[in-house]
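[1] build me a model from this:
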Amino acid sequence: MNAYPHLMTEEDRIEGILNILWKIDESEESVRNYFKQNQVPFSRAQYYTYRRTLQKNGDVGLHDKRKDGNYTKMTEIIKDYIVSIVKENRSISSSQLQSKIIDRFDAKISVSSLNNFRASVSLTRSPASREQYKRQKSGGGEILTSLASFIHISELFTRTILDRVNDVRQSTLFEQNKNIEKDHPDARLHGKFTSEYNQLKHVRENRFRSIDDKIPNKNFSSMKLLEMSEKTISRYNLALLCLPLVTSNGRSSRVNRVTGNDLAFLCGYNYKDASLDGYLRELKYLKVSDRLITATAKFWMDFWRNESEEETYFVCYYIDGNTKALWSSNRCYKGRVTMLGRVMNCLENVFIHDGKGHPLYFQTFHGHADLGKHALPMLTKLTELLDDPADNVSVKRILVMDGGANGVGTLREFNGSDEYFITILDENQIKERKFKHIQDETSYKYGNAKLVECKIELPDSKESGYIYECRAVVVEWDNGRKSVLITNIPPELLDANEITKKYFDRWPMQEKQFRDAKCGVNIHRIVGYGKKIENYDKMSEKHGEICKKIVQLKSELEKPLIEIESIDEELIDLYQQERTIREKSLIIDGTRVLSDSDSTELRQYESQIAKCLRKQKAVEKEHKDAFRRLKKYLKEEKRIRDKDKVYRIDTELDQIMTCFKMSFVNLCSLFLARCMDHEKFELLTLFESIFQLDGDAFITDEEKRIVLEMNPKEPWLMKKLNKGLCILNEMGICDPAGRSIQFDV
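    All right, here's what the predicted structure looks like:
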């Protein structure tokens, strides 16, 4: 071997090891004796190691690998990643860097190793100076506001409102009412409105007057909304959009509570309830709700159509109602409020949803809304918004309705229309003798049931003799239940399996989601209203008809009524005399105590009264049916008397707020579809587990970085949220100020 080891090359070292191994193998002595008698440059244990290495890897295994360094998790790729991250943000801590490496490479490197490496490449942590960023409170609700900024829904509201403002400026009423002065100008200047002023009769009466009555005397030039900038209006709209996040009932009056302070980071200003209430009142005066409904429907229809990119010949729409209880002592239009199980004052929203359950379009009605009566006109309106005249693609639309729209009058509206319907019959409409052209039974491809194709005849209860014939599908479920679906879709377009599937898909796709959304954003509550008394023509006509019937019956029963009247006069005297005797008695232990003479006299009066009553019954029995009808009409007349007046409720404010709430629901659906891989979450779960997460925002001139605090009790959900936020970060979202928005958990 070389006498100068420090000058030995790698090849010389390997050759020397091989020579020594060869000598040991050729020696007749044992390995132990050879090492005792000869000077060997390595130990006996190392000898066996060399032998194993040669057998396993050959001569290559003898190369000295110490120059390559020890085994380390910090590969060159990880080192390059660390350098790029730290150069971008010198203030990042090694613990944060450790978390990023785990997420990216699934390798855990100790904080001390990271600190040593950063020191070796001169990239130690430099704490960010206070001047570099502004720190403020933030939270999970900014996920929703960032999506709103991304799709520009707030700008849509702002443009619609500004268009209406411009129309009002150019109206004759605007110029005509410019000179109307405010009452109590001094008190208004100093904000001094006492409780005594608010209790004045004209103030109280004017407060709940209909908006239609107030507009003719409104000085529009004094409205603050007309002086607001586009940025301020957009900020107000964002605040209204976020009301479900900061209030428990979706009303602006709850904004002054603790959670209402979150508006500071959600919309950029911590509004009080008086500010939002004033803004909403001015929107009411503009009567902008119809434009907002139309613009919102057009926006979300186009958005979800582009989002899904599904080419289909049939498009399903689901129609559903939402009844809101109206607690008022005044008589208003009534309807059945299902969630309370009573008939009472109410408003009803009728919504149209797309095939995925997203709410698109709605209208508000007083009292009970006849779904059948309004279904086709609403779909026609929706079609006008959706159809592009330049688009030559023919799309068939199917309106899926529940049992509330199965009346023959409703179904007849579709005659001659290009739209199709599917609905279900009630049990009292299903009679075997109504079915005809019954085909063979087939198995249901999408569930446990048997299907029977047939036709059905349905009589129109409002037009005697009219028979409506349509296609029917009888669904006999394996659990013994039976359903009958009716439709006007020809069999060559959709078979019985597809008809059944499209109808019963409404439960998972729309019914459950809508029920959850109504509770989550408080669509089932009335926000506020004014009212206007008007003639209730229907009730007036009914009262007039009953009065005519009463007069007619009384003329027919003139003689019997005279006899009964004479008996009543006789009874009046008997009742008075009987009462005099009873007043003399005492009641002891439930028994009347009276003298013998008075008791005898009392029994005589009671006998005479019973005799008179029997005479009356005998007279009535001779004209039994006529008297029964007369009593019925008198009872009904008493019930509806003085009900010819009814209050009509303003729906303007309710429709404005429903537009914002409907967009809130669609934003939640967008978040689940884009960022959470179409996961199904209840709206309440999104509120409690994601949107209510605390956090901090670090704001610079170019970036807004939001760091959310993880909930350790839901690690599986936080892991999903982390992936969703990564997708959100890749969408390139910017806030209204132009800063890019990034999320961290």
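[2] alpha carbons only for contacts and neighbour counts from here, please
    Noted.
[3] how many neighbours does residue 275 have?
    13 (other C-alpha atoms under 10 Å).
[4] check residue 652 too.
    Neighbour number of residue 652 under other C-alpha under 10 Å is 23.
[5] residues touching it, list them.
    284, 287-289 (C-alpha atoms under 8 Å, 6 or more residues apart in numbering).
[6] try 10 Å
    Residue 652 sits next to 211, 281, 283-290, 364, 528-530, 658 when contact means C-alpha atoms under 10 Å, 6 or more residues apart in numbering.
[7] now the helix or strand that contains residue 718: mean pLDDT?
    Assigned by DSSP states H and E, residue 718 belongs to helix 715-729. The average of the pLDDT scores along helix 715-729 is 91.
[8] what sits up against the helix or strand immediately after that helix in the chain?
    Using DSSP H and E, the helix or strand that follows helix 715-729 in sequence is strand 740-744. Here strand 740-744 makes contact (C-alpha under 10 Å, 6+ apart) with 140, 142-143, 146, 695-710, 721-722, 724-735.
[9] ok, now stretch 14-21?
    Contacts of stretch 14-21 (C-alpha under 10 Å, 6+ apart): 1-2, 9-10, 12, 22, 24-26, 40-42, 47-48, 50-51, 54, 59-64.
[10] returning to that earlier point: return the set of buried residues in the helix holding residue 718.
    718, 721-722, 724-725, 728-729 (16 or more other C-alpha atoms under 10 Å).
[11] how about residue 124, what does it touch?
    So residue 124 contacts 86-87, 90-94, 114-118 (C-alpha under 10 Å, 6+ apart).
[12] related to what we said a few turns ago, taking the contacts of stretch 14-21, please make a ChimeraX selection of just the buried ones.
    Entered in ChimeraX, the line below selects the buried ones among those, by 16+ other C-alpha under 10 Å:
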select :24,47,50,62
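[13] tell me the domain ranges of the protein?
    Domain ranges of the chain: 5-68, 76-127, 140-289+651-681, 298-532, 535-648, per automatic domain parsing.
[14] tabulate these (CSV), appending distance to residue 689 and mean pLDDT.
    Output for these, formatted as CSV (distance: least, C-alpha to C-alpha, whole Å; pLDDT from 0 to 100):
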stretch, distance to residue 689, mean pLDDT
domain 5-68, 49, 77
domain 76-127, 22, 83
domain 140-289+651-681, 9, 87
domain 298-532, 14, 84
domain 535-648, 41, 89
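[15] columns distance to residue 742 on top of those, output as a markdown table?
    A markdown table is the format used below for those (distance: least, C-alpha to C-alpha, whole Å):
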| stretch | distance to residue 742 |
| --- | --- |
| domain 5-68 | 40 |
| domain 76-127 | 14 |
| domain 140-289+651-681 | 10 |
| domain 298-532 | 23 |
| domain 535-648 | 49 |
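[16] packing partners of the helix holding residue 718?
    helix 142-151, helix 652-674, strand 740-744 (3 or more C-alpha pairs under 10 Å, 6 or more residues apart in numbering; DSSP states H and E).
[17] now those in CSV, with distance to residue 433?
    CSV is the format used below for the helices and strands packed on helix 715-729 (distance: least, C-alpha to C-alpha, whole Å):
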stretch, distance to residue 433
helix 142-151, 55
helix 652-674, 45
strand 740-744, 65
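[18] out of the ones you listed, flag the one nearest residue 369.
    Set against residue 369 and scored by C-alpha to C-alpha, the helices and strands packed on helix 715-729 come closest in helix 652-674, at 15.3 Å.
[19] ok so, going back, redo the buried residues of helix 715-729 as a markdown table? Include distance to residue 521.
    Converted to a markdown table, the buried residues of helix 715-729 look like this (distance: C-alpha to C-alpha, whole Å):
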| residue | distance to residue 521 |
| --- | --- |
| 718 | 24 |
| 721 | 22 |
| 722 | 25 |
| 724 | 23 |
| 725 | 23 |
| 728 | 23 |
| 729 | 27 |
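[20] secondary structure element holding the residue nearest the centre of the chain?
    With distances taken as C-alpha atoms, centre = their mean, residue 517 lies nearest the centre of the chain, 2.5 Å away. Using DSSP H and E, residue 517 maps to helix 512-520.
[21] buried set for that helix?
    For helix 512-520, using 16+ other C-alpha under 10 Å, the buried residues are 513-514, 516-518, 520.
[22] surely the residue nearest to the centre of the chain touches residue 663?
    No - the criterion here is C-alpha atoms under 10 Å, and residue 517 misses it with residue 663 at 11.2 Å.
[23] which neighbours do the two share?
    Joint contacts of residue 517 and residue 663 (C-alpha under 10 Å, 6+ apart) are residue 359.
[24] hmm, back to that, of all the helices and strands packed on helix 715-729, which lies closest to residue 587?
    helix 652-674 (60.7 Å).
[25] pick out the most distant pair among the buried residues of helix 715-729.
    Taking C-alpha to C-alpha, no two of those sit farther apart than 718 and 729, at 16.0 Å.
[26] out of the buried residues of helix 715-729, which is nearest to residue 331?
    For the buried residues of helix 715-729, the nearest to residue 331 is residue 721 (49.6 Å; C-alpha to C-alpha).
[27] my read is that the closest one contacts residue 693, right?
    No - Residue 721 is beyond contact range of residue 693, at 11.2 Å (criterion: C-alpha under 10 Å).
[28] packing partners for whatever helix or strand residue 542 lives in?
    Element membership of residue 542 [criterion: DSSP H and E] is helix 537-556. Helix 537-556 sits against helix 558-584, helix 624-640, strand 645-649, with contacts defined as 3+ C-alpha pairs under 10 Å, 6+ apart.
[29] show residues contacting the second one.
    Yep, that's helix 624-640 we're talking about. Counting by C-alpha under 10 Å, 6+ apart, 539-540, 542-554, 556-557, 560-561, 617-621 sit against helix 624-640.
[30] let's see 8 Å
    539, 543, 546-547, 549-550, 553-554, 557, 620.
[31] tell me the contacts of residue 641?
    By C-alpha under 8 Å, 6+ apart, the neighbours of residue 641 are residue 543.
[32] 10 Å instead?
    539-540, 543.
[33] so which of these is the most crowded?
    In the contacts of residue 641, the most neighbours by other C-alpha under 10 Å go to residue 543, 22 neighbours.
[34] list the contacts of the helix holding residue 718.
    103, 143, 146-147, 671-672, 674-677, 679, 689-690, 708-712, 731, 740-745.
[35] which one of the helices and strands packed on helix 537-556 lies nearest to residue 348?
    That would be strand 645-649 among these, by C-alpha to C-alpha, at 11.5 Å.
[36] buried residues of that closest one, list them for me.
    Buried residues in strand 645-649 (16+ other C-alpha under 10 Å): 646-649.
[37] the closest residue to residue 137 other than its chain neighbours bridge partners, please.
    Spatial nearest neighbour of residue 137, excluding adjacent residues (C-alpha to C-alpha, 6 or more residues apart in numbering): residue 696 at 4.7 Å. On the basis of DSSP bridges, residue 696 is bridged to residue 137, residue 707.
[38] residue 696: what's it in contact with?
    So residue 696 contacts 135-140, 265, 705-709, 744 (C-alpha under 10 Å, 6+ apart).
[39] which among those residues gets closest to residue 227?
    The closest of the contacts of residue 696, once distances to residue 227 are taken by C-alpha to C-alpha, is residue 265, at 24.3 Å.
[40] how about residue 665, what does it touch?
    Counted by C-alpha under 10 Å, 6+ apart, residue 665 has contacts 244, 358-359, 513-514, 516-518, 520-521, 683.
[41] and with 8 Å instead?
    Contacts of residue 665 by C-alpha under 8 Å, 6+ apart are 358-359, 517, 521.
[42] chain neighbours aside, what residue packs nearest to residue 271?
    The nearest residue in space to residue 271 (C-alpha to C-alpha, 6+ apart) is residue 263, at 6.8 Å.
[43] that neighbour belongs to a helix?
    Yes - secondary structure of residue 263 (DSSP: H, G, I helix; E, B strand; the rest coil): part of a helix.
[44] circling back: the helix holding residue 517: how far from the chain's middle?
    5 Å (C-alpha atoms, centre = their mean, to the nearest Å).
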